[in-house]
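Peer 1: Got a sequence here, can you model it:
(one chain, ligands or ions: 2)
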Amino acid sequence: MNVEFLGTGGYHPDAHRHTTCVLLPDRGLCIDAGSAFFRAPDRLSEHGVTELDLVLTHAHLDHIVGLTFPLVHIERGTLTAVRIHGRKKKLDAVREHLFANDLFPIIPQVYEWLPLPDVESGSLDVAGGTLHFREQTHPGGSLGLRFDADGKRFAFCTDTVPEAATADFAADADLFAHECNFPDGWEDLGARTGHSTLTPTLDLARQVRAKRTLLVHVSPGACDPADPVGLGDVTNPPPFTAVAVDGLQATL
Ligand SMILES: [Zn+2]
Ligand SMILES: [Zn+2]
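Peer 2: Numbering: from 1, shown residues only. Ligands and ions are numbered 1, 2, ... in the order given. Okay, here's the model as predicted:
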């Protein structure tokens with residue numbers, strides 16, 4: 001299983017990170033269409049893939065703004081189908097607001113809107129594997145995701161606080177990506193915005209017992225860009241834990 005982290009920043013892009021987009025290029029599977037979504041069509045073309053299944057964790061702007069980007073690729077015929085999976089309420093919100101006539105008047109014809117089952121947690125067979133989802137704590141809600149395929153497990157949990165249920169959901173993942181929007185010391189803003197800080201996120205990662213942990217959705221501006229959540233100051237982090245950066249590729 002090949003996983004490419006095209007966008008690893010939280011809330012807004014900076015010189016180092018665009019906002020959330022994770023691509024499994026050879027499977028035509030993508031999670032979220034943040035500002036890094038502009039990178040997806042070329043990565044798919046390199047693998048000869050023209051159809052995409054896109055799963056939206058939620059509809060906050062930093063996860064959907066890129067849905068307006070692929071028009072040229074669609075016109076050129078290099079992207080022929082985009083199946084967009086998400087909560088019905090979030091899909092409706094994207095069409096009503098992002099594609100409002102006064103904001104962006106064209107909805108690409110190849111976009112197909114596919115609501116996930118209206119259950120707290122469930123699964124979907126897609127891209128040669130099984131995508132599991134569960135509702136997370138976040139303003140308006142967000143989906144934690146886990147993709148199981150070919151005996152490998154990739155868990156992706158962003159836009160949430162560290163939750164005990166995530167330890168079971170993501171247990172023993174080959175790769176566990178969890179948001180760490182803020183360094184320690186930003187707990188108040190974390191609580192108000194439904195985001196994570198470093199120490200509780202690392203505690204959760206220890207419970208997951210993943211082979212490898214990546215911190216994603218790191219907020220620009222709170223810390224040194226070279227160490228955006230202060231991971232370098234932690235004396236005993238979980239093994240094989242790092243902060244993701246745009247362009248990082250993982251093979252499970
Ligand atoms: Zn976000
Ligand atoms: Zn959010």
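
Peer 1: mind listing what's buried in the helix or strand of the chain with the lowest mean pLDDT?
Peer 2: Least confident helix or strand of the chain, by mean pLDDT, DSSP states H and E, is helix 71-76 with a mean of 94. By 16 or more other C-beta atoms under 10 Å, the buried positions in helix 71-76 come out as 73, 74. C-betas here are computed from N, CA, C, even on glycine.

Peer 1: which residues of the stretch 101-250 of the chain fall in helices?
Peer 2: Using DSSP state H, counting those that start in this stretch, the helices found in the stretch 101-250 of the chain span residues 164-169, 187-193, 198-208.

Peer 1: ok, how many other residues are close to residue 96?
Peer 2: Residue 96: 9 surrounding residues under other C-beta atoms under 10 Å.

Peer 1: where does it sit relative to residue 103, distance-wise?
Peer 2: Remark: distance between residue 96 and residue 103 (C-beta to C-beta, to the nearest Å) = 10 Å.

Peer 1: Quick one, which of the helices of the stretch 101-250 of the chain gets closest to ligand 1.
Peer 2: Closest approach to ligand 1 among the helices of the stretch 101-250 of the chain (C-beta to the ion): helix 187-193, 9.1 Å.

Peer 1: For ligand 1, tell me whether the closest one is touching it.
Peer 2: No: between helix 187-193 and ligand 1, judged by C-beta under 5 Å from the ion, nothing touches; the nearest distance is 9.1 Å.

Peer 1: ok so, going back, just after the least confident helix or strand of the chain, pick out the following helix or strand.
Peer 2: Counting by DSSP states H and E, the element after helix 71-76 in chain order, helix or strand, is strand 81-86.

Peer 1: Need the residues that contact the helix or strand just after that following strand.
Peer 2: Counting by DSSP H and E, the element after strand 81-86 in chain order, helix or strand, is helix 88-93. With contacts defined as C-beta atoms under 8 Å, 6 or more residues apart in numbering, helix 88-93 is touched by 56, 58, 59, 84, 113, 114, 115, 116, 118.

Peer 1: Is there a neighbour count for the nearest residue in space to the last one that is not next to it in sequence? I'd like the number.
Peer 2: Taking C-beta to C-beta, 6 or more residues apart in numbering, and ignoring the residues beside it in sequence, residue 118 has residue 88 as its nearest neighbour in space, at 6.9 Å. When counting by other C-beta under 10 Å, one arrives at 13 neighbours for residue 88.

Peer 1: just residue 252 next, same as before
Peer 2: Residue 252 has 18 nearby residues by other C-beta under 10 Å.

Peer 1: Please work out which residue of the stretch 101-250 of the chain is closest to ligand 2.
Peer 2: residue 159 (3.7 Å).

Peer 1: my guess is that residue contacts residue 144, does it?
Peer 2: No: taking contacts as C-beta atoms under 8 Å, residue 159 lies outside contact range of residue 144: 9.2 Å.

Peer 1: Spell out which parts of the stretch 1-150 of the chain neighbour ligand 2.
Peer 2: Near ligand 2, when you scan the stretch 1-150 of the chain using C-beta under 5 Å from the ion, you find residue 60.

Peer 1: quick one: the strands in the stretch 1-150 of the chain?
Peer 2: 2-7, 21-24, 29-31, 51-55, 81-86, 111-115, 121-126, 129-136, 142-149 (DSSP state E, counting those that start in this stretch).

Peer 1: for these, which one sits closest to ligand 1?
Peer 2: strand 142-149 (8.1 Å).

Peer 1: the inter-axis angle of the closest one versus strand 2-7?
Peer 2: 150 degrees (axes from the mean of the first three to the mean of the last three C-alpha atoms, to 10 degrees).
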